[in-house]
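Peer 1: only geometry, no sequence info:
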């Protein structure tokens with residue numbers, strides 16, 4: 001025998017509804033959408049960079065960039081449709097950006113390929129900046145929302 005449910009479920013809790021509204025407001029701004037698009041393009045470029053720049057002969061770095069680029073693109077691709085559940089993952093995206101900068105020296109050893117080093121450094125810096133910006137959108141919006149609620 002089942003007891004009929006008289007109270008709304010957890011998905012109707014006021015805090016959950018407020019969090020969803022905050023997340024939708026955060027990701028609806030043109031600036032947030034632009035940063036998400038740039039971050040997604042960084043991930044796609046990173047995955048394809050061995051063939052674009054021409055260092056696909058360095059097998060370990062090629063595989064590293066392919067895996068890291070796909071992981072970064074998938075990670076930041078989830079921010080738009082599910083920001084309320086994924087915004088904290090921007091710190092993982094920051095880690096991937098930092099790894100991208102260091103990877104040519106760690107993965108390839110002493111094989112200095114200037115094009116790979118420059119490409120990874122530039123795209124890694126852009127990945128780090130977009131990850132910080134994505135993390136900042138939630139923090140800035142959250143503090144503004146709290147300040148408005150206190151008044």
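Peer 2: Happy to help now that I have it. What you are looking at is a predicted structure, and each value in this text was computed from that prediction instead of being measured.

Peer 1: This protein: helices as residue ranges?
Peer 2: Along the chain, counting by DSSP state H, helices occupy 14-27, 30-49, 59-77, 83-86, 90-107, 114-150.

Peer 1: any chance of those in TSV, with mean neighbour count too?
Peer 2: (Glycine included, C-beta is placed from N, CA and C.) Putting the helices of the chain into TSV (neighbours: other Cβ atoms under 10 Å) gives the following:
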stretch	mean neighbour count
helix 14-27	14
helix 30-49	18
helix 59-77	19
helix 83-86	18
helix 90-107	19
helix 114-150	17
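
Peer 1: got these as a markdown table, with mean pLDDT columns?
Peer 2: Output for the helices of the chain, formatted as a markdown table (pLDDT from 0 to 100):
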| stretch | mean pLDDT |
| --- | --- |
| helix 14-27 | 61 |
| helix 30-49 | 89 |
| helix 59-77 | 91 |
| helix 83-86 | 54 |
| helix 90-107 | 91 |
| helix 114-150 | 75 |
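
Peer 1: ok, so what distance separates the nearest residue to residue 130 once chain neighbours are set aside from residue 131?
Peer 2: Distances taken as Cβ to Cβ, 6 or more residues apart in numbering put residue 39 closest to residue 130, at 3.9 Å, once the chain neighbours are dropped. Residue 39 is 7 Å from residue 131, where distance means Cβ to Cβ, to the nearest Å.
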